[in-house]
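Asker: The following block contains a protein sequence and its predicted model.
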Amino acid sequence: MEDGTRFGRGFTLWFTGLSGAGKTTIAEIVEKELRRRIGMVEVLDGDIVRTNLSKGLGFSREDRDTNVLRIGFVANLLTRNGVGVIVSAISPFKEVRDRVRRDIGDDFIEIFVDAPLAVCAERDVKGLYKKAFAGEILQFTGVSDPYEPPSAPELHIKTAEETPQESARRVTAKLEELGYLGRVEEPSRV
Ligand code: ADP
């Protein structure tokens, strides 16, 4: 794909990974940058969607899949209308992620936000791992429920090895490479 050929098209950046891997943190930085550089941006955060669109759904495989399909449905509508969509959701099952990929087509950009379970548990941003390991939360992804990593994500980010800013920069660089974003002149290096 030549640089710039997709400029102005919508896209879905789909962040998948364990709780605490860094999806929300990177999404927030990327969102700010995209608001500065393109017109329309929308964020669909799994935790927030579960309080409205997916209210009442639990964490069985069926409910998780329903949640992901709903997010994918909205992301698809927005993408078709030229919006830059950022999805941040654990979305642990490959089959349903791949179904969303088929629905959205070429404008689906899957980003595997990857950190070892031990690192996520150590970060324990929301205090959930402590409870999951104590058996107080059942069906917790990575602890007592499966996570199926993507086999061919457009981008694989290892958040234990770089800063959130570096990770976010790799996302916008991918959008530039795919032609959705114009390239910004690099400051000259000494
Ligand atoms: P998630 O949304 O995947 O559940 P969060 O973004 O809420 O995860 O939490 C990730 C934590 O990891 C934050 O405390 C963040 O500061 C830290 N972190 C360290 N390095 C990175 C990185 N490269 N990218 C994203 N987060 C990082």
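Answerer: All right, it came through fine. Residues are numbered from 1 along each chain as shown.
Asker: Assess the claim that I137 and L128 are in contact.
Answerer: Yes: between I137 and L128 there is a contact under CB atoms under 8 Å: 6.2 Å. For glycine as for every other residue, the C-beta is placed from the backbone atoms N, C-alpha and C.
Asker: Residue of the chain nearest the ligand, please.
Answerer: G22 (2.6 Å; CB to the nearest ligand atom).
Asker: Look up phi and psi at that residue.
Answerer: Backbone geometry at G22, expressed as degrees, to the nearest 10, gives phi 130, psi 10.
Asker: Put the alpha carbons of whichever helix in the chain runs longest into CSV.
Answerer: The longest helix of the chain (DSSP state H) is helix 61-80. What follows is helix 61-80 as a C-alpha-only set of coordinates in CSV (Å, rounded to 0.1, in the frame of the first residue of the first chain):
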residue,chain,number,x,y,z
ARG,A,61,-17.6,-17.7,26.7
GLU,A,62,-21.0,-16.9,25.2
ASP,A,63,-21.4,-13.6,27.0
ARG,A,64,-17.8,-12.6,26.2
ASP,A,65,-18.4,-13.4,22.5
THR,A,66,-21.6,-11.4,22.5
ASN,A,67,-19.8,-8.4,24.0
VAL,A,68,-17.0,-8.5,21.4
LEU,A,69,-19.5,-8.9,18.6
ARG,A,70,-21.4,-5.9,19.8
ILE,A,71,-18.3,-3.8,20.0
GLY,A,72,-17.3,-5.1,16.5
PHE,A,73,-20.7,-4.1,15.1
VAL,A,74,-20.4,-0.5,16.3
ALA,A,75,-16.8,-0.3,15.3
ASN,A,76,-17.8,-1.5,11.8
LEU,A,77,-20.5,1.1,11.5
LEU,A,78,-18.2,3.9,12.5
THR,A,79,-15.3,2.6,10.4
ARG,A,80,-17.6,2.6,7.3
